[in-house]
Every structure is written in C-alpha cells, then in structure tokens.
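Visitor: Generate a structure from the sequence data that follows.
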Amino acid sequence: MRLEIGPGAGKYRFSPRIRGDDVIYLDISLPGNSSSNWVRADAQHLPFKNGVFEEVVASHVIEHLENPALFLKECYRVLKKEGVLRLWCPNVFSKNMYRDNSHVFKANPYSLKKLLKRCGFQAHFDCPAVGSLFPRFFRFMLRALYLMLANDIRVAAWKR
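Guide: Numbering: from 1, shown residues only. Purely as a prediction, here's the structure:
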C-alpha cells in the first residue's frame, strides 16, 4: 500500500501523481469528489497501524507543520522496513518559501537531511548528475551548489 499526504488538487500535488487501487490519500480537507481512498486526518497523527505502507509521499506539506519531526516520526512509524518517504518542499533560499504566510518550517537540504537522519531515515536528494568530467571534489561542490540554489528540495528517504 502507498500513502499520499496532503495531495489536494493544486499545483503542488506530487508529480507524477501516485495512482492505483492501493493508494490512500490523506488530507485535512476532503475534495468534493472524495472516494473511499480519501482519509481526513492530521498529518502529525496518522490514523494507521505500524508498518503498513511501502511508500509515503508528501508534496509541500512539511513546511506548514509546527513540528516537522513529529510528522517524520509518524511517517517512519507507518512505513514498512525498507519503505521510502518522498518529500518535496520549498528551499529556504527560494522565493517560494516566503510567498505563503502559512510556511512555518524553513529548511535547506542539509538541515532537512539532518532532521531525517535524526528520525531514522537515510536520505538521498534528487539532483542531476553534474560535470562528470570534473574531479570528484568539483562534482561534489557543483551538486552542493545546485541543492542550495534549487527552488524545491526533493528527497527520497528510506526507513533503515
């Protein structure tokens, strides 16, 4: 089973949208065309048993939460062993972070990675391969620069 948290219907829906009979959509407000796959709940108190999902997806959710660590711990709890959490959120260094007054958690790629690790995850950032002809140190620096300048942080985090 897979869980998409906060999917809504707007432009920040996870892309590509996860689909299938095994997908549950969780949001604090249900859309007008809700079906049995939709659950109304708070993302920081997930109404599911431990270890039931292979994948949890949350696009532009974490930045709205007062306690992102509680959210991540809940995601960790409902994931199966080796399950993956896919997160998208605005980078603290982008304009997108400051366009919405409801953004209370501000993260950069490195602070988010540290928080994910503290919650038990092993994180990998979505970053294109850069400068394969450059020495390893320069590739590392280019990747770090890309991550710091990107509008959105996209990370896949595995339950260890």
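Visitor: tell me how far the strand ranked longest in the chain is from the chain's mean position?
Guide: Using DSSP state E, we find that the single longest strand of the chain is strand 79-90. Centre-to-centre, strand 79-90 and its host chain are 6 Å apart (CA atoms, centre = their mean, to the nearest Å).
Visitor: hey, C-alpha coordinates of the helix or strand that that strand is followed by in CSV?
Guide: Per DSSP states H and E, the first helix or strand lying C-terminal to strand 79-90 is helix 109-118. Taking Å, rounded to 0.1, in the frame of the first residue of the first chain, the C-alpha atoms of helix 109-118 are listed here in CSV:
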residue,chain,number,x,y,z
PRO,A,109,18.8,20.5,2.0
TYR,A,110,21.3,19.9,4.8
SER,A,111,19.0,20.8,7.7
LEU,A,112,16.3,18.6,6.3
LYS,A,113,18.8,15.7,5.8
LYS,A,114,19.9,16.1,9.4
LEU,A,115,16.3,16.0,10.6
LEU,A,116,15.5,13.0,8.5
LYS,A,117,18.6,11.2,9.9
ARG,A,118,17.5,12.0,13.5
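Visitor: Report the angle between helix 109-118 and strand 79-90.
Guide: 160 degrees (axes from the mean of the first three to the mean of the last three CA atoms, to 10 degrees).
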